[in-house]
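# Whatever this is, show me its structure:
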Amino acid sequence: MTRPLRTAGGAAVALVALALCVVAAGCAGGNAATTSTPASKPQLPHRRAFSTFRIALDNGLDSLDPGLSYTTEGWGVLWNVYLPLLGYRHVSGTAGATLIPYLARSLPRISPDGRTYSLVLRRGLRYSNGRPVRASDFRFAIERDYQLGSPGSSFFDGIVGATDFANNPDGHIRGIVTDDRTGSIVVHLTRPQADFSYVLATIFAAPVPPTTPLKDQSQTPIPSTGPYQIQSYAPSRRIVETRNPHFSTRRLAGAVPPGNPDTVVWDLVASDLDAYQRVVRNEDDWLGYHPIPPAKLDAARRNHGRRLRIFTPANTYYFFMNTRVAPFDDVRVRRAVNYALDRNRLVGIFGGLATPTENILPPGDLGYRPHTLYPYDPEKAKRLVARSGKAGAAVTVWSDDLAPDAKAAQYLVGVLNDLGFRASRHVVTSTAYLATLAGRKTRAQVGIADWYQDFPHPLDSFGTLLRGDAIGTPANQDYAAFDDKGVDSRIAALERQPHLTAKVAAGWAALDRRVMELAPWAPFLNRRQTDFFSTRVDLSCYVNHVVYEFDYGTICIKQ
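Residues are numbered from 1 along each chain as shown. The predicted model follows:
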């Protein structure tokens with residue numbers, strides 16, 4: 001995914017932070033692998049109910065329909081509204097990547113061949129309108145995703161019969177077998193898929209009533225299963241959430257907290273500056289996904305430091321290099337670019353809210369192990385280019401028109417010229433950029449891209465961005481046209497492991513290093529984000545989740 005839109009691919013957008021650095025609070029969690037085994041009893045945040053929490057939401061909201069929403073903003077609004085069969089602990093740090101059962105009684109029972117997932121729905125669950133939640137509602141939700149043309153439907157392509165249903169939505173997806181009497185849900189896959197438990201934890205997999213229309217329901221909200229329901233939505237003005245009268249923490253065995261605010265009001269504010277000033281004046285309580293305007297950041301740190309938190313979503317910004325197009329068809333040239341990048345300078349181009357990297361996976365990812373294959377060494381880079389015999393080649397650097405991306409691309413133009421190439425820049429509007437890169441005829445030599453994970457599993461990155469079988473498909477995001485049989489074989493082997501144990505995570509880490517030895521990318525930074533709050537917020541309750549970022553349901557107000 002890119003931010004704010006999560007781009008659909010073979011598994012495309014979480015999302016989001018696995019290592020959280022909080023101002024005046026240090027960094028939460030470590031890099032130990034997190035498996036899908038839940039704690040014996042979830043430790044929920046403190047219950048401190050209060051009346052209303054107000055949020056200044058930016059304009060990145062795409063939809064309030066769980067089958068269509070695919071932005072950071074949309075998922076942030078909905079994650080306490082629509083519950084999937086599985087979900088995550090409501091805590092900060094790597095512990096938040098732990099899968100736990102939500103609407104299902106337990107984690108799935110996975111067959112020895114990794115192709116069958118069996119779950120049972122909890123008893124007594126009801127939607128916010130009082131209608132019982134049934135096992136077949138899960139199947140309906142997945143089928144509805146395909147009928148809607150959901151950006152998340154590709155997550156489920158591995159289910160037996162799913163692609164047939166997508167082409168001819170008649171009957172049911174034969175690989176999903178449900179029994180409403182027992183609550184049984186059995187999913188059959190065409191092949192093992194290591195991240196499928198995480199797919200079951202996406203909002204796209206949240207059951208919805210079978211009477212739900214096959215069109216966007218943003219303005220006629222679907223009945224909810226979570227602690228909140230959407231009471232009203234006035235586009236460009238306001239979203240109001242209230243408590244779900246049929247939500248029961250007892251029915252969910254305490255897996256999901258009941259929420260502290262009775263009402264959550266999302267004020268839709270287009271301007272970053274206006275939103276920031278509203279929070280400074282305590283008109284809103286949280287700067288909802290707006291960045292603090294760069295001109296205000298130093299003042300915010302100096303005057304309102306106690307109200308500010310800085311965190312790192314699970315993201316990687318990188319320059320891709322087309323391995324099928326000269327001069328980047330030579331690994332020596334690709335390695336030269338990596339050696340020639342001053343990553344600290346690129347951090348400065350992005351306003352300093354970033355940390356340098358040369359890894360594929362972001363910090364905090366369960367397979368992340370930092371490596372330093374390419375310390376800044378422009379002279380070594382020039383020697384590699386000389387040995388390649390490619391000096392003097394014309395190179396076009398692609399970028400979108402967003403300010404930091406365009407400036408970073410211009411920096412790369414200068415680096416390439418210093419290495420002896422004849423470099424220039426080609427700019428495409430941000431709304432068309434990724435689709436243009438994915439086009440079969442584009443064959444961009446080199447350019448800037450970014451990736452925000454959909455969920456905390458390494459396959460979400462490697463399977464989407466660096467596997468050769470994606471090249472030439474409509475959902476292609478392998479902009480480097482990287483197709484290495486050894487890497488593909490290793491991805492396939494790791495994909496057969498249904499549990500992300502420490503040993504499996506180490507395998508992903510080794511793959512990260514191997515890919516960077518082949519250097520189809522020059523990763524350069526992990527971007528950081530800010531959360532800013534009103535003076536009435538008690539940040540001892542602050543939770544920034546690995547997938548959904550700030551948890552508005554668990555926040556507290558000063559007494």
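# burial count for Arg443?
As a burial measure, the neighbour count of Arg443 was computed by other Cβ atoms under 10 Å and equals 11. Where C-beta positions appear, they are placed from N, C-alpha and C, glycine not excepted.
# Would you check that it makes contact with Asn322?
Yes. Counting by Cβ atoms under 8 Å, a contact exists between Arg443 and Asn322, whose distance comes to 6.5 Å.
# so Leu494 sits right up against Val504, yeah?
Yes. Taking contacts as Cβ under 8 Å, Leu494 lies within contact range of Val504: 6.5 Å.
# Now do the shared contacts for these two.
Taking Cβ atoms under 8 Å, 6 or more residues apart in numbering as the contact criterion, the common neighbours of Leu494 and Val504 are Ala194.
# Any regions of the stretch 351-500 of the chain where pLDDT drops low?
Counting by pLDDT under 70, the ranges of the stretch 351-500 of the chain that qualify are 473-475.
# Can I take it that Gly463 is in a strand?
No. Using DSSP: H, G, I helix; E, B strand; the rest coil, the assignment for Gly463 is helix, not a strand.
# re earlier: and for Arg443 and Asn322, which residues touch both?
Overlap between the neighbourhoods of Arg443 and Asn322 consists of Ala481, taking contacts as Cβ under 8 Å, 6+ apart.
# Please spell out which residues along stretch 540-559 are buried.
Of the residues in stretch 540-559, 542-557 count as buried by neighbour count, 16 or more other Cβ atoms under 10 Å.
# Only alpha carbons, please: show it as CSV.
Provided in CSV are the C-alpha atoms of stretch 540-559 (Å, rounded to 0.1, in the frame of the first residue of the first chain):
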residue,chain,number,x,y,z
SER,A,540,-1.2,7.3,29.8
CYS,A,541,-3.9,5.3,27.9
TYR,A,542,-2.3,6.0,24.5
VAL,A,543,-2.3,3.0,22.1
ASN,A,544,-0.8,3.1,18.6
HIS,A,545,-1.6,-0.2,17.0
VAL,A,546,0.6,-2.0,14.5
VAL,A,547,-2.1,-2.1,11.8
TYR,A,548,-4.6,0.6,12.7
GLU,A,549,-2.5,3.2,14.3
PHE,A,550,-4.1,5.3,17.1
ASP,A,551,-6.8,3.4,19.0
TYR,A,552,-9.5,5.9,19.7
GLY,A,553,-11.5,3.4,21.6
THR,A,554,-9.0,2.9,24.5
ILE,A,555,-8.0,6.6,25.0
CYS,A,556,-8.7,8.3,28.3
ILE,A,557,-9.7,11.8,29.3
LYS,A,558,-8.1,13.5,32.3
GLN,A,559,-10.3,13.3,35.4
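# Distance from the chain centre to it, please.
Using Cα atoms, centre = their mean, to the nearest Å, the distance from the centre of stretch 540-559 to the centre of the chain it belongs to is 18 Å.
# for stretch 289-309, same thing?
With Cα atoms, centre = their mean as the basis, stretch 289-309 stands 24 Å off its chain's centre.
# Same question for stretch 186-199.
Taking Cα atoms, centre = their mean, the mean C-alpha location of stretch 186-199 is offset from the chain mean by 19 Å.
# List the buried residues of that stretch.
Of all the residues in stretch 186-199, those buried under the rule 16+ other Cβ under 10 Å are 186-189, 192-199.
# among the residues you listed, which are in helices?
Here DSSP state H is the test, and the buried residues of stretch 186-199 give 196-199 as lying in helices.
# quick one: which of those is nearest Glu283?
Comparing those against Glu283 with Cβ to Cβ places Tyr198 closest, at 37.5 Å.
# Put the alpha carbons of stretch 466-482 into CSV.
C-alpha atoms of stretch 466-482 as CSV (Å, rounded to 0.1, in the frame of the first residue of the first chain):
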residue,chain,number,x,y,z
LEU,A,466,9.4,-8.9,-5.5
ARG,A,467,7.9,-12.1,-6.9
GLY,A,468,8.4,-12.6,-10.6
ASP,A,469,5.0,-14.1,-11.3
ALA,A,470,3.4,-10.6,-10.7
ILE,A,471,5.2,-9.1,-13.7
GLY,A,472,2.8,-8.3,-16.5
THR,A,473,-0.4,-8.7,-14.5
PRO,A,474,-2.9,-5.9,-13.9
ALA,A,475,-2.0,-5.8,-10.2
ASN,A,476,1.8,-5.7,-10.9
GLN,A,477,3.8,-3.8,-8.3
ASP,A,478,7.1,-5.4,-9.1
TYR,A,479,8.3,-2.2,-10.6
ALA,A,480,11.9,-3.5,-10.8
ALA,A,481,10.7,-6.4,-13.0
PHE,A,482,12.7,-8.5,-10.5
